[in-house]
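Peer 1: Structure here, sequence nowhere to be found:
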């Protein structure tokens, strides 16, 4: 009421005043009650479908990405993922092919029609990555890189924002708020596991956050079971669970020769494993969607 009175006093024409009590305003369900739908190629995030993003952790060669892209497309994937710039824990690990990798990804899009998802690591290379990507990814390590978030907010590309390893729900949504506040309303949240005391997996996938996000925010939320698991045999059951929990999409790492992969081979599925996963996960999603 105070806001409305002040607006009238200042002669400001306003159609509606929406009170938002949450610290995150634009991402809040209070601000926008209906789900945000984000369209990329043949995929729609947020409309109760289950688009799948698949591909290798890192782009290694043109031949490699083309072979994987064709196999994941045939299995039903709607988008292709691949890292050209790689944030690695060790400075001695493979850091990615950079621009050369982006050129290979452009070849994938041209030959398969699959939209490209790839990570922007910093503001310095953002323009370059933006030129090639259909969806920009901000990784968990950069969830609170505020300069990067602000730059992503000025982009016309949708952004996948991964949850930080120890981030609370509020911290995650506040990070998304940075992007929306700059004008980019097409943000997809991605749960990829949080760090806990367990040793049987790399991270602990927080499935409870799916329903929590849907209650608090209108933004779509997808699941990355590959980085949560860290090992191949756990990826498939976690992906099935993601479909059962009502995720708005799934991101899965696939490699044609994971034993030779330059990054995260241990968690990458073989193409034939991915094909089996897609068939069963689609069946699970169909059952859940009917309810």
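Peer 2: Received, thanks. Fair warning: this is a prediction, and the values are worked out from it, not measured in the lab.
Peer 1: mean confidence for stretch 151-170?
Peer 2: Mean per-residue pLDDT for stretch 151-170: 98.
Peer 1: Stretch 281-290 too?
Peer 2: Stretch 281-290 shows a mean pLDDT of 93.
Peer 1: Would you mark the buried spots in it?
Peer 2: 281, 284-285 (16 or more other CB atoms under 10 Å). For the C-beta atoms, the positions are set from N, CA and C on the backbone; glycine is no exception.
Peer 1: who touches it?
Peer 2: 48, 50, 52, 76, 239-240, 242-244, 246, 250 (CB atoms under 8 Å, 6 or more residues apart in numbering).
Peer 1: please redo it, this time with the cut-off set to 10 Å
Peer 2: Applying CB atoms under 10 Å, 6 or more residues apart in numbering, the contact partners of stretch 281-290 are 48-50, 52, 76, 236, 239-247, 250, 252, 274.
Peer 1: What subset of the residues you listed is buried?
Peer 2: 50, 52, 76, 236, 239-243, 245-247, 250, 252, 274.
Peer 1: so which two of these are the farthest from each other?
Peer 2: Longest distance between any two of these is 21.6 Å, between 246 and 274; criterion CB to CB.
Peer 1: list the helices and strands the helix or strand containing residue 214 packs on?
Peer 2: Using DSSP states H and E, residue 214 sits within helix 208-216. With contacts taken as 3 or more CB pairs under 10 Å, 6 or more residues apart in numbering; DSSP states H and E, helix 208-216 sits against helix 169-181, strand 187-191, strand 221-223.
Peer 1: CSV for the ones you listed, including distance to residue 57 and mean neighbour count?
Peer 2: Below are the helices and strands packed on helix 208-216 laid out as CSV (distance: least, CB to CB, whole Å; neighbours: other CB atoms under 10 Å):
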stretch, distance to residue 57, mean neighbour count
helix 169-181, 22, 21
strand 187-191, 15, 27
strand 221-223, 16, 26
